[in-house]
Structure formats: structure tokens, C-alpha cells
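K.L.:
could you look at this predicted model? Sequence included:
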Amino acid sequence: MNKSNPSASYRPHHHQSDAPEQKIHQIRIGDYLIDTWYNAPYPEEYSKRPILYICEYCLKYIKSEYTANRHKLKCMVKYPPGDEIYRDGIVSIFEVDGRKNKIYCQNLCLLAKMFLDHKTLYYDVEPFLFYIMTEVDSEGCHFVGYFSKEKRSLLDYNLSCIMTLPSHQRKGYGNLLVDISYLLSRKEGKPGSPEKPLSDLGMLSYRAYWKTCIFRQLLQAKDFISIQDLSSKTGMTFDDVIATLQLNHLLRKDEHGQYFLDFDEALIKHHLDRVDAKGYPYAQPEKLTWAPFLIAKTALGMLNVVRDGSSPTTATAQKENELPAPNKKKSPRRK
Ligand code: ACO
Ligand code: ZN
């Protein structure tokens, strides 16, 4: 499945589609034709056809190839409808507010559902922020994946749902999205964890991410490092730090019942060398232009969302002064 052969399709071995009731078998998004994994509750008239066309910029879903081609000519949007908060090489990430861009976010949730086996929200997008990862070229910012995050999480979740389009999986993008979610947590000054339950792929990705993250900290530590240090340096919760240490057999008990860290530096280094050799992208804090949301309760008991720090936020200020995408034209939403 690549741009030179857009009709090629993809279906991972570990996933069974929801057939027989599944009607949308494939989606065409940008140059990719992708096999769907699960059903999504699109309106009936859209679910009847085997291929659903999705605009890679505004995420509008379209029934026929003819209408999709016409939409492509008319659609002036070339990047997601929020603030660009991160740019590194060809990767650009936008923050989209579910309240301000409801239809875009609802369309995104429907798209994501085709690759998520557990139930997700589709319509109640307002309490969430969506972080959209794109690949930038001279045409615009092409959708690659995303994660969502509650504006206010009572359970300290720093990520609700994550998805990389199958056409772009196993290239390190999921890892980068997770890394960004922890970078945001560190900026907020409070550790976070992904919303449970995790899918099988979510679990595999998180375990790989956590292991590498903790290993890096252990290698950097001089003499002594505590669970608290590991949590504040990574943004991971105590529970996730401890679970990762246990899973990798790094936590031992002495004769007094006290836990201590026991690891072989050479093995840790060997693991990190293998990971680094893959050349996956990591979140670079200096490339993030973002300030945390603060939720303020007004005298009327209404919830107001305001930005931490000066106003406008660095992210917004950047958006006004800088081109997030090569095409500066901005058009009103079309759906
Ligand atoms: N098989 C084995 N290991 C895997 C797989 C897989 N199919 N996918 C990811 N991993 C592990 C590997 O260790 C991988 O590193 P490697 O490629 O060096 O071996 C690591 O995770 C990171 O892989 P990435 O390339 O960074 O992740 P990717 O871009 O493929 O995205 C994601 C991972 C988002 C989970 C993707 O598989 C996806 O969108 N799945 C469908 C939706 C989903 O299940 N989302 C998680 C739901 S749980 C939640 O949202 C909180
Ligand atoms: Zn469009």
C-alpha cells in the first residue's frame, strides 16, 4: 500500500474485520486505499457502499468517487482546522478543539472507529482536544494519525484514543504521538496515563514506549534514581513506572522486604542502541509551541477554558504569524 500503487490494500493478520455485517470494506483517503478493520456508525446511505471516500484535509466523508473528485477540486482546506503546535521536518501536529471544530472532530472519530475495536465517542467531542499528526509537502498537510485528550480528566488520563492510519503504521508515528502526549503532561506538571482499556495494539505500543522511556532514564541516572524521579522525568504515573519496572524484571526485594532497582547497564544500552537504530522520530521539547489548558469555574458555575500563560497563547500567536502549511489560504468549513 503506497502512493505508487494506491489500489493496493492492507489488512493486518491479527485483525478480523467485523464481516459479514461490515459494509464499508475500504476507505480511500488521499492516495491510499485502506482496508477497514471494524464497523463505524456512518449514516446508512454512506454505509451501503464498499468504498467510502474521505477528504484527507477536512475529513468529510463522501459516497462516490465522482463526488470525491469534485470535492477535491473545491476543498480549499489544506491542513487541520486548529493551531499548529509542533513541527519537525515533514511532521506537523495540530491541536483541534472539539468544541470549536465539532464536525471535523466527529468525522475524525468515525474514521478512527474503523480501526478501533472498542467503543469510542463519535458525537460528544466538545470535552476533548484532538492532536492531529500530518505529513507536510508542497500540497498541504496530509492526515497520518491522531490522539485525543480530555480537557479535564478526573482520572489523570493524558490520552483517550490514538490511531495511526494503517498506511502509516510501524513507522514510529504512534510512538511519536505517545511521546507528545507525555511531553504535554510534563508541561502540565502532572503525570498521566492512557485511558483504559487499551486495545492489543495500544498495549503493544505503550509497553514498547514505556520500556524505552524508563531505560533511557536509568542509563542517564548517575547514582540514585527514585520512582518519583522516573515519574517526573517521563510524565508517566507511578503505577505505569512500577508496572514497567516489574515487567522488565528490574525491581527486586531485599531481605528486609525493601524494593530496589537492579539492572544490567550493558543490556539496557543494547536495547536503546537497537531502538535508536530504527531512526524513529521522538518529541523534541524545543519544537513544541503549546501552553496547557486551564479550566476555570465562573461565578455562574459555567466552565471556561482558558490558556495557561499570556494571551494569546504561544501556539495561537505562532499560527497568526506563521504559515503552518505551504498554502496559506483558509476557507470556511464545508460540512
Ligand atoms: N505488532 C507488534 N508490535 C507492534 C505493532 C504490531 N502490529 N504495532 C505497534 N507495535 C509496537 C512495536 O513495538 C512498535 O515498535 P517497532 O515497530 O519498532 O517494533 C511500537 O509498538 C511502536 O510502533 P509505531 O510504529 O510507533 O506505532 P504505529 O504508528 O503503528 O501506531 C497504534 C500504533 C496507534 C496503536 C496503531 O497500531 C493503531 O492505530 N491501531 C489501531 C487503533 C488502536 O488500537 N489504538 C489504540 C487503542 S487504545 C487507546 O486509544 C488508549
Ligand atoms: Zn475537504
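P.N.:
Received, thanks. Everything numeric in this text was worked out from a predicted model, so none of it was measured. Ligands and ions are numbered 1, 2, ... in the order given.

K.L.:
longest single helix anywhere in the protein?
P.N.:
Counting by DSSP state H, the longest helix found in the chain is helix 200-220.

K.L.:
output the contacting helices and strands for that one.
P.N.:
Packing partners of helix 200-220 (3 or more Cβ pairs under 8 Å, 6 or more residues apart in numbering; DSSP states H and E): helix 173-188, helix 227-234, helix 238-247, helix 265-277. All C-beta spots, glycine's among them, are computed from the backbone N, C-alpha and C.

K.L.:
buried sites along it?
P.N.:
The neighbour-count check on helix 200-220 (16 or more other Cβ atoms under 10 Å) flags 201-202, 205-207, 209-218 as buried.

K.L.:
please apply the same query to stretch 276-292.
P.N.:
Neighbour-count burial for stretch 276-292 [16+ other Cβ under 10 Å]: 280, 282, 283, 288, 289, 290, 291.

K.L.:
check the offset of it from the chain's centre.
P.N.:
13 Å (Cα atoms, centre = their mean, to the nearest Å).

K.L.:
now swap in stretch 214-221 and tell me
P.N.:
For stretch 214-221, the distance to the chain centre is 25 Å (Cα atoms, centre = their mean).

K.L.:
got the residues of the chain near ligand 1?
P.N.:
When proximity is defined by Cβ under 6 Å from any ligand atom, the chain lies next to ligand 1 at 12, 115-116, 159, 161-164, 169-175, 194-195, 198-199, 201-202, 204-205, 208, 278.

K.L.:
mark which of these are buried, thanks.
P.N.:
115-116, 159, 161-164, 169, 171-175, 194-195, 201-202, 205.

K.L.:
in three-state terms, label the spatially most central residue of the chain for me.
P.N.:
Per Cα atoms, centre = their mean, the C-alpha nearest to the average position across the chain is that of residue 147, at 2.8 Å. Following DSSP: H, G, I helix; E, B strand; the rest coil, residue 147 is assigned to strand.

K.L.:
just list the residues touching the closest residue to it other than its chain neighbours, thanks.
P.N.:
The spatial neighbour of residue 147 that comes closest, neighbours along the chain excluded (Cβ to Cβ, 6 or more residues apart in numbering), is residue 162 at 4.1 Å. Counting by Cβ atoms under 8 Å, 6 or more residues apart in numbering, residue 162 touches 145, 146, 147, 148, 174, 177, 178, 181, 194, 202, 205.

K.L.:
right, and the fourth one touches residue 157 too?
P.N.:
No. Taking Cβ atoms under 8 Å as the contact criterion, residue 148 and residue 157 are not neighbours in contact, 10.0 Å apart.

K.L.:
show me which residues of the chain are close to ligand 2?
P.N.:
55, 57, 58, 60, 75 (Cβ under 5 Å from the ion).

K.L.:
and for the second one, the neighbour number?
P.N.:
Other residues lying near residue 57 total 26 when counted by other Cβ atoms under 10 Å.

K.L.:
I'd like the distance between it and residue 104.
P.N.:
10 Å (Cβ to Cβ, to the nearest Å).

K.L.:
what touches both of the two?
P.N.:
Joint contacts of residue 57 and residue 104 (Cβ under 8 Å, 6+ apart) are residue 80.

K.L.:
now whichever residue of the stretch 151-300 of the chain sits closest to ligand 2. Its backbone dihedrals?
P.N.:
Relative to ligand 2, the nearest point of the stretch 151-300 of the chain is residue 165 (16.2 Å; Cβ to the ion). For residue 165, the backbone dihedrals (degrees, to the nearest 10) come out as phi -60, psi 140.

K.L.:
got it, and residue 26?
P.N.:
Torsion angles, degrees, to the nearest 10, at residue 26: phi -140, psi 150.

K.L.:
give me every residue that touches it.
P.N.:
Here residue 26 is in contact with 9, 33, 34, 35, 36, 50, 51, 52 (criterion: Cβ under 8 Å, 6+ apart).

K.L.:
now those in CSV, with neighbour count?
P.N.:
Output for those, formatted as CSV (neighbours: other Cβ atoms under 10 Å):
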residue, neighbour count
9, 16
33, 18
34, 24
35, 17
36, 25
50, 10
51, 15
52, 26
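
K.L.:
how is the chain divided into domains?
P.N.:
Domain segmentation of the chain under automatic domain parsing yields 1-75, 200-287.

K.L.:
tabulate the ones you listed (JSON lines), appending mean pLDDT and distance to residue 127.
P.N.:
Output for the domains of the chain, formatted as JSON lines (pLDDT from 0 to 100; distance: least, Cβ to Cβ, whole Å):
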{"stretch": "domain 1-75", "mean pLDDT": "81", "distance to residue 127": "19"}
{"stretch": "domain 200-287", "mean pLDDT": "94", "distance to residue 127": "21"}
